[in-house]
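>>> one predicted model, sequence on top.
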Amino acid sequence: MGNRTKIVLAFSAVSLVLIWLLVGGFDAEEMQYYISIKELQEHQTNYYDRGLRVKGKLVAGSHEPSATSLERTFKISEEGYELDVRYNGLPPDTFKDGAEVVVEGTFMPAGYFVAQTLMAKCPSKYESTEGYENIDQSVKESGTN
């Protein structure tokens, strides 16, 4: 077998493996569709029993942990729309009133969202760095880095 034949066979084998991974890696039932709270509220029946990802801010005072289990309920809001969420597990440390929250799970016909995954980021960690320019300038002028 010549070198050219070996190269063609190797390339074909790698191509087939990549195609198999791409096709097999996309399971429609496992996909998470990102939608807004507004879209979910306006077209609820379109999203029952589908994997969804929804983002919003944690509504102040809405977080209610269970006294006897890891279950908790809370609300997230976006553009004046609110979504009731139920989650069973420990929330991240950054899960505080006003934090940006992303939930992944399923919207139920009863009108609430069951989250399997809960992510939150602390707003104070992502504040603007305005005012730091003056500090940088004073450091440059003093020659200290």
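Good, I have the coordinates. Source: prediction; values computed, not measured.
>>> going by C-alpha atoms from here, please, whenever you check contacts or count neighbours.
Noted.
>>> measure stretch 16-33 end to end?
Between the opening and closing residues of stretch 16-33 we find a distance of 28 Å, counting by Cα to Cα, to the nearest Å.
>>> and stretch 92-111, by the same measure?
Stretch 92-111 has an end-to-end distance of 25 Å (criterion: Cα to Cα).
>>> buried ones in that stretch?
For stretch 92-111, burial by neighbour count (16 or more other Cα atoms under 10 Å) applies to 94-107.
>>> mind listing which of those residues are in strands?
Those of the buried residues of stretch 92-111 mapping onto strands are Glu100, Val101, Val102, Val103, Glu104, Gly105, Thr106, Phe107, per DSSP state E.
>>> find the nearest non-adjacent residue to the fourth one, please.
Distances taken as Cα to Cα, 6 or more residues apart in numbering put Leu118 closest to Val103, at 4.8 Å, once the chain neighbours are dropped.
>>> three-state assignment of that neighbour?
strand (DSSP: H, G, I helix; E, B strand; the rest coil).
>>> what about it, how many residues nearby?
18 (other Cα atoms under 10 Å).
>>> correct me, but it touches Glu100?
No - look at Leu118 against Glu100 with Cα atoms under 8 Å: they stay out of range, at 10.7 Å.
>>> strands along the protein, start to end?
33-35, 51-58, 64-65, 71-78, 81-88, 100-107, 113-121.
>>> indicate which one of those strands is closest to Ala10.
Ala10 lies closest, by Cα to Cα, to one member of the strands of the chain: strand 33-35, at 36.7 Å.
>>> which residues touch Gly105?
Contacts for Gly105 (Cα atoms under 8 Å, 6 or more residues apart in numbering) come out as Gln32, Arg50, Gly51, Leu52, Arg53, Phe113, Val114, Ala115, Gln116, Thr117.
>>> and the gap between the nearest residue to it once chain neighbours are set aside and Glu104?
Computed as Cα to Cα, 6+ apart, the closest residue to Gly105 that is not its neighbour in sequence is Ala115, at 4.3 Å. The gap separating Ala115 from Glu104 is 5 Å, by Cα to Cα.
>>> then Arg4?
Taking Cα to Cα, one finds Arg4 at 49 Å from Glu104.
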